[in-house]
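1. sequence? don't have it. structure:
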């Protein structure tokens, strides 16, 4: 068989590509169940971290079901709409003007967890921010990312960063101001702020945009609840 | 032929020191800089690369007599890409947290120069067992350097190892500060430079004469 002939080359390439495709499809299908379970538990862990509950992945489901008493979607005006808040893909549901809210019960106190999603330096960012029942004071926050630089932008996922948000206010008076993320040592007037990540300036800015952009979508819900 | 004749032993041992892919052959430096700010991702990355190099070497070696010469690079790429995808999917299913930390760098193993280098230079001309040993050797050579770099970067940059606090709080109370520069990519390059310096000082035959 002439290994340099066109026919041989084309047949070889076709067979190889089909064989690899079958192999990869099989791998993806057989691992899908494990991956989905990991992703769901990961999401539960993130939501729980935003209300200061840190559990291992295998305990996440039980703890989540124990603490989260309600989950629903709201529209721009704060009215509840149809849909599954937990299964909703953040990017798609924001595009459809439906925003997930999780209501947690911590020692009788209600906490309202809101979803964040945005674009980071290398890939998507997302997170959760929980508010006290004054609908203004941040109780806790959690941030995740797909591909920020380890040691730099990726530090937004650490507890030292997320704890900076505790007790900050997203409203000044009746005006929604969000919480700014500023360079270490800088400050801003007229709104609460936290220090960003040294060496992760672009990620910090992206997180700042994400927080103000996403929380502003909840203003309708928050103001309607305050009354 | 003995499975571990002295020639085969050299295939594994040489790349760990005297023919190390990173510090002697200068291959795969890019990812060595990117994933070494913490020890855990560096270890997983090292193991992933070792597995992928070893098995892609075996596969290419097994089919080396059938590969059409004109598309051999494409064939190599397809084999490596398939293995990288399998490793990445497996990590997602069974080591979810580590996969999150490594993120894009697992997929970027595909572009690691060590892989194409070994496939082209060794696996295409040698049997499966030799190719496997050669792949393991080069993967481990890569992993060892990653772990050394990550050890110093995490210890000096974050004061931790595998996220366990190593530098005692008392040091910080006396004014010790983590060296933030260590977690930035330039320090990875400088640490590689220091390793190369020490390595060549110990192995005089590697020093160039000019």
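-> Nice, thanks for sending it over. Everything quoted here is computed from the prediction, not taken from an experiment.
2. so who does the residue nearest to residue A:42 when sequence neighbours are not counted touch?
-> Excluding its sequence neighbours, the residue lying closest to residue A:42 (C-beta to C-beta, 6 or more residues apart in numbering or on different chains) is residue B:96, at 6.4 Å. (C-beta placed from N, C-alpha, C; glycine too.) Residues counted as contacts of residue B:96 (C-beta atoms under 8 Å, 6 or more residues apart in numbering or on different chains) are A:38, A:39, A:42, A:57.
3. State the number of residues packed around residue A:116.
-> Neighbour count of residue A:116, defined by other C-beta atoms under 10 Å in any protein chain shown: 25.
4. Closest residue of chain A to chain B?
-> Of all residues in chain A, residue A:151 sits closest to chain B, at 3.1 Å by C-beta to the nearest C-beta.
5. shouldn't that residue be in contact with residue B:157?
-> Yes. With contacts counted by C-beta atoms under 8 Å, residue A:151 reaches residue B:157, the gap being 7.1 Å.
6. Give me the helices and strands touching the helix ranked longest in chain A, please.
-> As assigned by DSSP state H, the longest helix anywhere in chain A is helix A:6-49. Counting contacts by 3 or more C-beta pairs under 8 Å, 6 or more residues apart in numbering or on different chains; DSSP states H and E, helix A:6-49 is packed against helix A:60-67, strand A:124-131, strand A:138-145, helix B:72-94, helix B:96-102.
7. what about that helix, average pLDDT?
-> The average of the pLDDT scores along helix A:6-49 is 91.
8. again with stretch A:103-116
-> For stretch A:103-116, the mean pLDDT works out to 90.
9. in stretch A:190-207, what's buried?
-> For stretch A:190-207, burial by neighbour count (16 or more other C-beta atoms under 10 Å in any protein chain shown) applies to A:191-194, A:196-197, A:199-200, A:202-207.
10. Grab the nearest non-local neighbour of whatever residue of chain B ends up closest to chain A.
-> Closest contact between chain B and chain A, by C-beta to the nearest C-beta, is at residue B:37 (3.1 Å). The shortest distance from residue B:37 to any non-neighbouring residue, by C-beta to C-beta, 6+ apart, is to residue A:151 (3.1 Å).
11. My understanding was that residue B:136 contacts residue B:54; is that so?
-> Yes. Here residue B:136 reaches residue B:54: they are 4.8 Å apart, a contact under C-beta under 8 Å.
12. So which elements touch the strand ranked longest in chain A?
-> With secondary structure taken from DSSP state E, chain A has its longest strand at strand A:109-119. Judged by 3+ C-beta pairs under 8 Å, 6+ apart, the packing partners of strand A:109-119 are helix A:90-95, strand A:99-106, strand A:124-131, strand A:138-145, helix A:201-217.
13. 6 Å - rerun?
-> For strand A:109-119, the elements it packs on are helix A:90-95, strand A:99-106, strand A:124-131, helix A:201-217, judged by 3 or more C-beta pairs under 6 Å, 6 or more residues apart in numbering or on different chains; DSSP states H and E.
14. And the shortest one, what's buried?
-> For helix A:90-95, a neighbour-count test (16+ other C-beta under 10 Å) marks A:90, A:93, A:94 as buried.
15. count of neighbours near residue 166?
-> All of this refers to chain A. 14.
16. looking at chain B here, not the other one
-> Neighbour tally, residue B:166, other C-beta under 10 Å: 12.
17. ok so, going back, now the common contact residues for residue A:151 and residue B:157.
-> Residues touching both residue A:151 and residue B:157 (C-beta atoms under 6 Å, 6 or more residues apart in numbering or on different chains) are residue B:183.
18. Looking at those two now, which is surrounded by more residues?
-> Between residue A:151 and residue B:157, residue A:151 has the larger neighbour count (other C-beta under 10 Å), namely 26 against 20.
19. And that one, its phi and psi?
-> Dihedral pair for residue A:151: phi 90, psi -20, per degrees, to the nearest 10.
20. interface residues of chain A facing chain B?
-> Residues of chain A that fall close to chain B, judged by C-beta under 6 Å from any C-beta of the partner chain: A:3, A:8-9, A:12-13, A:20, A:24, A:27, A:31, A:34-35, A:38, A:147, A:150-151, A:198-199.
21. Filter these down to the buried ones.
-> Neighbour counting over the residues of chain A next to chain B (16+ other C-beta under 10 Å) leaves A:9, A:12, A:20, A:27, A:31, A:35, A:38, A:147, A:150, A:151, A:199 as the buried ones.
22. Which of those residues sits closest to residue A:167?
-> Closest approach between these and residue A:167, by C-beta to C-beta: residue A:199, at 25.8 Å.
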